[in-house]
Each structure stands twice: as structure tokens, then as C-alpha cells.
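Q: Quick one: sequence and predicted model below, then my questions.
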Amino acid sequence: MANMASVLKEEIRRLARKEAKLQTVPLLKALAAERKNVAALRKQVASLGRAGGAPAAAGARVAAGVTPVTADPSKAPKNWRKDTVRSTRKKLGLTQAQFSKLIGVSQISVSFWETGRSTPRPKAQALILAAGKLSPAAAQARVGGGGASRGKRKVASKTGRARKAKTRARRRKA
């Protein structure tokens, strides 16, 4: 009898797995179709985003008073070298942050381009080439002047020194 019970249990398990599989196969097919639809919609949203540009970022640059460089993206070079970004930036005498404002991208993008971690898109390549045609004075004027000023410290004003001296004098009296 024990053998008969184990055979029945095994048959019941087999039939249950078969029934479950019959019910889940259509659901898996529907899930795959929905995933394809979601992927197509994401591509559509991405293409609409690229076509419309980045209005928030552009508005922030205009509010900051930076006039970004404009260029024709169809004139992007075919042989792009990663040192083009650094050499253009150095020629203009700008920091990565200033150069990123001039081009209209983030500072980390400029850093990644210079180190070779990523490559600029054709539109950005065309903007970099257009920026390279500017004079250093014109480029610095567009980003607000200043140039590359690494390592320079601001000298404390006399009023700041006087305030510190008064504070020290009060502490000594107390």
C-alpha cells in the first residue's frame, strides 16, 4: 500500500505542475509583450527629450549670464581625439567648470572627456571645436572672466582683521 500511495502522490504532483505551467505560459507571453511596449515608450521619450533639448539647464545658464557657444552638429569631426578637449580648454585658459559653462554641459562631463572615460556626442564635439575658434579673452568674457585662477587665495579685508582683533580683545578682558 505504501508503494501505491507514493505513486499517487507523484502523479498528483506531475499533474499539478502541468496545470500550473499551462496557466502561466500565457501570462509570461503577455509580460514579455508589455516589456517590449515599455522599452519602445522609453525610446520614444528619450528621442523627444533629445529633440526638445534641456530647457531647465538652458534656462539656468541664461539666468547665470553665461552665453553658451553655438555650432552646427553636422560638422562634428570624424577623427576625434580625447586630448582635443583638454588642449582647447587650456588654450582658452579656462577651468573645467568654466569650460563646461561655455559648452553647456556639466563639469563632470568635461572631466570624463579629458580622462577618456567617455567621448562627447557629435553636437558637443562641434561646440568644442567652435569654442576653440574663440580667443581666450572672448571665451573668458562669455563665462564671466577670471580665467584659470587655481591656488590663489583671497586676502582678508581690513574690516575682517579689525573684527577679529576686537573679538580677541574682548576675550582677553573676560
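A: Great, that's in hand.
Q: Check whether Leu134 sits in a helix, strand or coil.
A: For Leu134, the assignment made with DSSP: H, G, I helix; E, B strand; the rest coil gives coil.
Q: Not counting sequence-adjacent ones, nearest residue to Trp113?
A: Leaving aside its chain neighbours, Trp113 sits nearest to Val85 (4.4 Å; criterion: C-beta to C-beta, 6 or more residues apart in numbering). Heads up, the C-betas are built off the backbone N, CA and C, glycines and all.
Q: do the same with Phe112
A: Nearest non-adjacent residue to Phe112 (C-beta to C-beta, 6+ apart): Ser118, at 4.3 Å.
Q: Which helix or strand contains the one you found?
A: When elements are assigned from DSSP states H and E, Ser118 belongs to no helix and no strand.
Q: Using PDB, write out every CA atom in stretch 125-140.
A: Extracted in PDB, the C-alpha atoms of stretch 125-140 (Å, rounded to 0.1, in the frame of the first residue of the first chain):
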ATOM      1  CA  GLN A 125      32.200  67.900 -30.300                       C
ATOM      2  CA  ALA A 126      31.000  70.600 -32.700                       C
ATOM      3  CA  LEU A 127      30.600  73.000 -29.800                       C
ATOM      4  CA  ILE A 128      34.100  72.300 -28.500                       C
ATOM      5  CA  LEU A 129      35.500  73.000 -32.000                       C
ATOM      6  CA  ALA A 130      33.500  76.200 -32.200                       C
ATOM      7  CA  ALA A 131      34.900  77.200 -28.700                       C
ATOM      8  CA  GLY A 132      38.400  76.500 -29.900                       C
ATOM      9  CA  LYS A 133      38.000  79.200 -32.600                       C
ATOM     10  CA  LEU A 134      37.300  81.900 -29.900                       C
ATOM     11  CA  SER A 135      40.100  84.000 -28.400                       C
ATOM     12  CA  PRO A 136      41.000  83.400 -24.800                       C
ATOM     13  CA  ALA A 137      39.600  86.900 -23.900                       C
ATOM     14  CA  ALA A 138      36.300  86.300 -25.700                       C
ATOM     15  CA  ALA A 139      35.900  82.900 -24.000                       C
ATOM     16  CA  GLN A 140      36.600  84.300 -20.600                       C
END
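Q: burial measure for the residue nearest to Phe112, as a count.
A: Neighbourhood size, Ser118 [other C-beta atoms under 10 Å]: 12.
Q: Please apply the same query to the one 5 residues further on.
A: Each residue near Lys123 was counted by other C-beta under 10 Å, and the total is 18.
Q: do Phe112 as well
A: Neighbours around Phe112, by other C-beta under 10 Å: 17.
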